[in-house]
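A.B. asks: Here's a sequence, model it:
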Amino acid sequence: MRALVQRVSEAKVTVAGEVTGEISRGLLVLLGVGHDDTEHQVDWMAEKLVGLRIFEDEAGKMNLSLEDVGGAMLVVSQFTLFGDCRKGKRPSFVAAAPPQLAVDLYEKFVQRVRDKGIEIGTGKFREHMDVALVNDGPVTLWIESS
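C.D. replies: So this is what the prediction gives:
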């Protein structure tokens with residue numbers, strides 16, 4: 001699994017003019033599922049992101065997690081995170097999971113985060129989405145499961 005994580009003061013995703021997910025303070029997570037991913041990666045990524053200490057404490061240090069600040073998470077499926085652009089001008093997506101595996105693991109990730117008590121919003125899998133955000137910091141991290 002790959003995640004592009006952005007600390008946000010607000011974010012929303014719109015599909016065909018309808019807002020499908022919206023959060024205030026928290027994390028926008030663009031989540032890609034690889035063809036070799038399993039529930040092990042789902043569990044690891046959910047645990048990592050919910051506990052990731054990238055929110056500032058009273059001293060201005062990145063020392064608090066999403067749980068600590070009572071933040072929310074907006075999760076958007078993003079198979080293009082597995083785009084390989086090393087050859088030619090057109091990305092190859094052979095490392096991305098097939099749609100059925102990807103949607104299954106994406107939904108399990110969303111449920112794992114929800115089970116941890118985090119408010120969560122989502123986009124719509126396999127739909128064209130418009131994502132709007134205000135990156136707080138800016139703080140943006142690339143996280144890859146083992």
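A.B. asks: how near is the residue positioned nearest the centre of the chain to Glu47?
C.D. replies: The centroid of the chain falls nearest to Val29 when counting by Cα atoms, centre = their mean (2.0 Å). Distance, Val29 to Glu47, by Cβ to Cβ, to the nearest Å: 13 Å. The way it works is simple: take the backbone N, C-alpha and C, and place the C-beta from them, glycine included.
A.B. asks: likewise Asp37?
C.D. replies: Per Cβ to Cβ, Asp37 is found 15 Å from Glu47.
A.B. asks: Which of the two has more residues huddled nearby?
C.D. replies: Set Asp37 next to Glu47 and count neighbours by other Cβ atoms under 10 Å: Asp37 wins out with 20 against 13.
A.B. asks: looking at this, the more buried one is in a strand?
C.D. replies: No: counting by DSSP: H, G, I helix; E, B strand; the rest coil, Asp37 falls outside a strand, being coil.
A.B. asks: For it, which non-adjacent residue is closest in space?
C.D. replies: Leaving aside its chain neighbours, Asp37 sits nearest to Met1 (5.3 Å; criterion: Cβ to Cβ, 6 or more residues apart in numbering).
A.B. asks: Show the contacting residues for the one you found.
C.D. replies: 31-34, 37, 41-42, 44-45, 105, 109, 144-145 (Cβ atoms under 8 Å, 6 or more residues apart in numbering).
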